[in-house]
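Asker: When you get a sec, could you give me coordinates for this:
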Amino acid sequence: MREMAAHGSSLLPIAVYIDEFKEYSIPVIQRHWHKELQFVVVLTGSVRYTVNEESIVVNQGEGIFINSNVMHMSSPLLTQDTKMCSVLFDPSMLSGANQMVIENKYVLPVLKCSQLKYVFLSLDVSWHLQILICLRRILDLEEDKDYGYELEIRNCLGKLWLLLVQNCKKFLDERGGTSSVDEERIKKMLKFIHEEYRRDITLADIAGTAGLSKSECCRCFQRMIDSSPFEYLISRRIYMAAKKISESNMPIGAAAESVGFHGSSYFYKKSKA
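Answerer: I've put the predicted structure just below:
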């Protein structure tokens with residue numbers, strides 16, 4: 001579930017994406033994480049972000065910051081005309097190759113801060129609004145690509161990052177916090193489910209990937225994503241079956257069996273639940 005796709009290039013490790021959910025066969029961006037920092041501004045509609053176990057609704061004009069390696073997913077409240085802009089960039093865009101003072105003082109403390117998984121960006125808070133303006137400016141620069149746009153994008157990143165660290169300083173642990181034990185455990189178990197969902201897997205199999213008992217595995221799932229292991233497994237199978245049906249016109253029965261359902265009747269029952 002760790003996203004391995006490169007965002008931008010080695011020379012300019014930043015990418016700007018426009019997500020129009022009505023164009024997706026399944027209007028949801030599944031749980032994942034990546035090393036890049038992510039800033040989002042919702043252009044139209046409303047998007048529900050789930051960051052670990054927390055749910056945040058981001059309305060038109062608002063935004064959200066997702067820290068490096070933090071698990072998250074997103075889906076529109078209404079598919080029609082819901083659009084958002086995501087800016088993903090490597091932390092090196094902030095500090096450069098050799099600017100150790102910038103990296104150690106202003107970048108690493110954020111990356112390692114266990115209390116700073118995300119920041120909701122509201123239109124009613126002055127420094128939030130300034131960050132949102134920077135994000136829209138980055139979108140314009142990326143679309144126009146006028147001479148010198150790379151320098152302007154870097155300047156915008158520096159400005160929005162300064163706003164973030166100045167206003168979140170109280171959360172930053174200079175000693176370097178680490179991800180919670182639960183977060184590391186759930187990542188291992190979800191990774192296992194995403195790789196093995198096609199075959200018959202047991203609760204013991206899932207728990208074993210994180211070195212947990214079956215009961216603690218269930219409690220960890222409930223704490224982190226408000227679901228049981230098997231509820232998540234079934235939802236993953238339904239998602240992958242629906243994807244195959246929509247993208248390849250595979251018969252429903254064949255799609256259901258290909259993702260681990262034993263017959264289409266159970267698939268019908270669970271997909272309508």
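Asker: which residues touch the residue nearest the centre of the chain?
Answerer: Centroid-nearest residue in the chain: His72, 3.4 Å away (criterion: Cα atoms, centre = their mean). When contacts are counted by Cβ atoms under 8 Å, 6 or more residues apart in numbering, His72 touches Arg31, His32, Trp33, Tyr49, Thr50, Val51, Asn52, Ile66, Tyr118. Every C-beta, even on glycine, is put in place using the N, C-alpha and C of the backbone.
Asker: Tell me the bridge partners for it.
Answerer: Beta bridges link His72 to His32, Val51 when assigned by DSSP bridges.
Asker: So it versus His194, what's the distance?
Answerer: Taking Cβ to Cβ, to the nearest Å as the measure, His72 falls 15 Å from His194.
Asker: same question, Glu247
Answerer: Glu247 is 18 Å from His194, by Cβ to Cβ.
Asker: next one: Ile201
Answerer: Counting by Cβ to Cβ - Ile201 and His194 are separated by 11 Å.
Asker: for Glu257, same thing?
Answerer: 19 Å.
Asker: And Lys169, by the same measure?
Answerer: Distance, Lys169 to His194, using Cβ to Cβ: 37 Å.
Asker: Compare neighbour counts for those two and give me the winner.
Answerer: Neighbour tally, Lys169 and His194, criterion other Cβ atoms under 10 Å: the higher count belongs to His194, 16 against 9.
Asker: buried residues in the helix or strand harbouring that one?
Answerer: Following DSSP states H and E, one finds His194 within helix 181-196. Using 16 or more other Cβ atoms under 10 Å as the burial criterion, the residues of helix 181-196 that qualify are Asp182, Glu183, Arg185, Ile186, Lys187, Met189, Leu190, Phe192, Ile193, His194.
Asker: Just the closest of those to Ile14, please.
Answerer: Lys187 (24.9 Å; Cβ to Cβ).
Asker: Please name the nearest non-neighbouring residue to that closest one.
Answerer: Met71 (6.5 Å; Cβ to Cβ, 6 or more residues apart in numbering).
Asker: Next: Gly61.
Answerer: Closest to Gly61 by Cβ to Cβ, 6+ apart is Leu123, at 5.4 Å.
Asker: the helices in the protein, which residues?
Answerer: Per DSSP state H, the chain has helices spanning 92-95, 100-102, 108-111, 126-144, 149-167, 181-196, 203-208, 214-225, 229-248, 252-258, 264-271. These are given in chain order.
Asker: now for the longest one, which elements pack on it?
Answerer: It stands for helix 229-248. Under the contact criterion of 3 or more Cβ pairs under 8 Å, 6 or more residues apart in numbering; DSSP states H and E, helix 229-248 touches helix 181-196, helix 203-208, helix 214-225, helix 252-258, helix 264-271.
Asker: Break this structure down into its structural domains.
Answerer: 14-171, 181-271 (automatic domain parsing).
Asker: quick one: buried residues of stretch 126-135?
Answerer: His128, Leu129, Ile131, Leu132, Cys134, Leu135.
Asker: And the contacts of that stretch?
Answerer: 39-41, 61-63, 65, 85, 87, 121-123, 156-157, 159-160, 163-164, 166-167.
Asker: Which among those residues count as buried?
Answerer: If we count by 16+ other Cβ under 10 Å, the contacts of stretch 126-135 have these buried: 39-41, 62-63, 65, 85, 87, 121, 156-157, 160, 163-164.
Asker: Can you pick out the most distant pair from the residues you listed?
Answerer: Glu62 and Leu157 (19.7 Å).
Asker: quick revisit: I'd like to know which of the domains of the chain has the weakest mean confidence.
Answerer: For the domains of the chain, mean pLDDT drops lowest on domain 181-271, to a mean of 84.
Asker: Buried ones in stretch 54-70, by neighbour count?
Answerer: Neighbour-count burial for stretch 54-70 [16+ other Cβ under 10 Å]: Val58, Gln60, Glu62, Gly63, Ile64, Phe65, Ile66, Asn67, Ser68, Asn69, Val70.
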